[in-house]
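Asker: This is a predicted model, with the sequence first.
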Amino acid sequence: KRLMKNSELYKLACQCLVLDDYPEKAQTIKEKIISGDLDIYRFIYLCSNQLVLPLVYRQLRETGVTELFPEDYDEFLSDIYDKNTQRNTKILEQIEEISNILQTNNIEPVYLKGTANLLDNLYRNPGDRFIGDIDFLVQKEDYLRTADLIMQLGYKNDVKLYFDPQDQKHYPRLYRDDVPADIEIHHIPVNKEYAKKFNSEIIFPNKLKVLNKVNCYVSSDVHKLVHTFIHSQLSNRGYLYKYIPLRDLYDFYLLSKKVPKTDFFQEVEEKQKAGIFYAGKSYLLNVPVELNEFNSVQISNYFKLLFWLLDHPLARKTYVNFVSLNIFIFKKIPELFLSKTMFKSFVYRISDREYWQNHFMRGIKKYF
């Protein structure tokens, strides 16, 4: 039998993301399983890599698709979902501890990204979302004081610092062995190059109080939507790499149902790139979407290239390495000599043998 291409598995996973709203799409998935066209193992592997496995499993279970899975697969996936639900419950307890100590010191945290969506009950079930770490934003004047307070709770950071934390968008990641998630304390919500129109001065006046939570805030829905785009397509270079992670796409889909399209494009800066990401709802999720005012040919060509690269892993790796190398040569190196802070940090790093061995050589191997 013909194996489904990576792009076909990717598109099928996209259909699974919207089964809550379009349960009739489950019939297509059932037919592919019955016919033998779908390699369930490869499909699970893709969903796991895309960090949407718990969500996809829950929606497939509720639409009866998992009845066609081998019994051991169903038990395995059910266990993953239950464990992720338990983990997210413990993360909410972590957040409560953080919010309480900050309240005693008159600091208001605004939680960001997946953490904010979990707090805001964006997901149908709390086990749907993989949460990597707890991101929250504080005012710049509270930034270092907040890090000290979190470390008083037993959190620590073993990373060697080659820079002033105030020059970074977030404090070095803090962790504690008895809790599930690490912590990133931000005084800037996104990379500096994208913070001109999306920063603390914009987010804090529009923050929303989380109901039944003490000293717990999230950004407004439109700011959550903008942040999802910036994080996925600009900071993580999804637009340049021609890649849309499904976890980001699902968050964007849910948030876009709460935010008028005009409000999103009024707030976002990179409108053309945002337009392509917005078009992903129709190209990838195959759901009704408002007509996009951007060049439809350009959008179509973007997704054709995205699918082609998925089907040609070696070409994709070469393409990503080429783009990354260009960014390093034409952007990172000039920035190094234009910024005293970056140059000073660079000198500290290359003069440290440990950094040279653990980071620089690993970076060289990644490219070549």
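Answerer: Nice, I can see it.
Asker: drop to CA atoms for contacts and neighbour counts, all remaining ones
Answerer: OK.
Asker: Can you list the residue ranges for helices in the stretch 101-250 of the chain?
Answerer: With helices called from DSSP state H, counting those that start in this stretch, the stretch 101-250 of the chain shows them at 113-119, 143-152, 200-203, 221-229, 238-241, 246-256.
Asker: nearest to F337, of the ones you listed?
Answerer: Closest to F337 of the helices of the stretch 101-250 of the chain is helix 238-241 (C-alpha to C-alpha; 24.2 Å).
Asker: Quick one: residues in contact with that closest one.
Answerer: Residues outside helix 238-241 that contact it (C-alpha atoms under 8 Å, 6 or more residues apart in numbering): 232-234, 244-245, 273, 319-320, 323.
Asker: Figure out which of the helices of the stretch 101-250 of the chain is closest to Y73.
Answerer: When those are compared by C-alpha to C-alpha, helix 246-256 sits nearest Y73, at 21.7 Å.
Asker: Mind giving me the packing neighbours of the closest one?
Answerer: In terms of contacts (3 or more C-alpha pairs under 8 Å, 6 or more residues apart in numbering; DSSP states H and E), helix 246-256 is packed against helix 221-229, helix 271-283.
Asker: contacting residues for L3?
Answerer: L3 makes contact with 37-39, according to C-alpha under 8 Å, 6+ apart.
Asker: Quick check: it vs L38, distance?
Answerer: 8 Å (C-alpha to C-alpha, to the nearest Å).
Asker: what's the spacing between S324 and I107?
Answerer: S324 is 38 Å from I107, where distance means C-alpha to C-alpha.
Asker: Who has more neighbours out of those two?
Answerer: A count of neighbours by other C-alpha atoms under 10 Å puts I107 above the other of S324 and I107, at 19 against 15.
Asker: Which of the helices of the stretch 101-250 of the chain sits closest to Q103?
Answerer: Nearest of the helices of the stretch 101-250 of the chain to Q103, taken as C-alpha to C-alpha: helix 143-152 at 10.8 Å.
Asker: on contacts alone, who are the packing partners of the closest one?
Answerer: Helices and strands touching helix 143-152, by 3+ C-alpha pairs under 8 Å, 6+ apart, are helix 71-103, strand 182-186.
Asker: and for that helix, what are the contacting residues?
Answerer: Taking C-alpha under 8 Å, 6+ apart as the rule, helix 143-152 contacts 98, 101-102, 107, 138, 166, 171, 174, 185-187.
Asker: want to throw those into JSON lines with distance to E71?
Answerer: Formatted as JSON lines, these follow (distance: C-alpha to C-alpha, whole Å):
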{"residue": "I98", "distance to E71": "41"}
{"residue": "I101", "distance to E71": "46"}
{"residue": "L102", "distance to E71": "47"}
{"residue": "I107", "distance to E71": "50"}
{"residue": "V138", "distance to E71": "47"}
{"residue": "Q166", "distance to E71": "52"}
{"residue": "Y171", "distance to E71": "45"}
{"residue": "L174", "distance to E71": "40"}
{"residue": "I185", "distance to E71": "43"}
{"residue": "H186", "distance to E71": "44"}
{"residue": "H187", "distance to E71": "48"}
